[in-house]
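[1] Give the three-dimensional model of this entry:
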Amino acid sequence: MALKATIYKAELQISDMDRGHYETHALTLARHPSETEERLMLRVLAFAMHADQALEFGRGLSAEDEPDLWLKDPTGNIELWIDLGLPDDRRLRRAAGRAGQVVLLAYGERAFEVWWRKYSAVCSRLPTLTIWTLTDTARAELAELASRSMQLQITLQDGQIAIADGERYLEVSVSRVQP
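    Just a heads-up that it's a prediction; the model follows:
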């Protein structure tokens, strides 16, 4: 018998000072059986960083031809493609060919260093690609906020992200690697 996805509900009150985006977003997230709560919360973080009413979660781990999140225009063209992790160069080139902008939220500090040595030349030839990283410590702290029903207040300003759930407060710093 196949395992089913676990459903999480999240209400994000987002105050993005950098983009002037102030809205509440009600999200339903399906956590694939092979997905960790860390990765689930990275999807929430990626959503908060690019929040928009039209931003949607893709099928992620269960679909190779879809990103973790994407934003499409009314005609179906992909404006924004967001992936998590350390994809191969073929996936990055394919994403860049399909979307106006590609964002990668890379994680795993040691693994990223190896990945970057291997793919930095390819990445530099993709002008629409932006790469962000965060520390393993920040990733673990973010996972501690995970619960099946979440209410998070998220403030983004000057590259700093503050996340509170009423009991805990966390500051997450993401670093821009490219461009």
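[2] secondary structure element for the nearest residue to residue 24 once chain neighbours are set aside?
    Leaving aside its sequence neighbours, residue 24 sits nearest to residue 13 (Cβ to Cβ, 6 or more residues apart in numbering; 5.0 Å). Quick note: C-beta positions are derived from backbone N, CA and C, even for glycine. Using DSSP states H and E, residue 13 maps to strand 6-16.
[3] what do you get for residue 115?
    Per DSSP H and E: helix 109-124 holds residue 115.
[4] elements contacting that helix?
    helix 89-98, strand 129-133, strand 175-178 (3 or more Cβ pairs under 8 Å, 6 or more residues apart in numbering; DSSP states H and E).
[5] what's the angle from the longest one to helix 109-124?
    So that's helix 89-98. For helix 89-98 against helix 109-124, the angle by axes from the mean of the first three to the mean of the last three Cα atoms, to 10 degrees is 50 degrees.
[6] for helix 89-98, packing partners?
    Using 3+ Cβ pairs under 8 Å, 6+ apart, helix 89-98 sits against strand 78-84, strand 99-106, helix 109-124, strand 129-133.
[7] again, 7 Å this time
    strand 78-84, strand 99-106, helix 109-124 (3 or more Cβ pairs under 7 Å, 6 or more residues apart in numbering; DSSP states H and E).
[8] Please name whichever of the helices and strands packed on helix 109-124 is nearest to residue 119.
    Residue 119 lies closest, by Cβ to Cβ, to one member of those: helix 89-98, at 5.4 Å.
[9] ok, now how distant is residue 112 from residue 83?
    14 Å (Cβ to Cβ, to the nearest Å).
[10] These two: which is more packed in?
    residue 83 (24 against 18; other Cβ atoms under 10 Å).
[11] Verify the contact between the more buried one and residue 67 for me.
    Yes. Residue 83 is within contact range of residue 67, at 5.1 Å (criterion: Cβ atoms under 7 Å).
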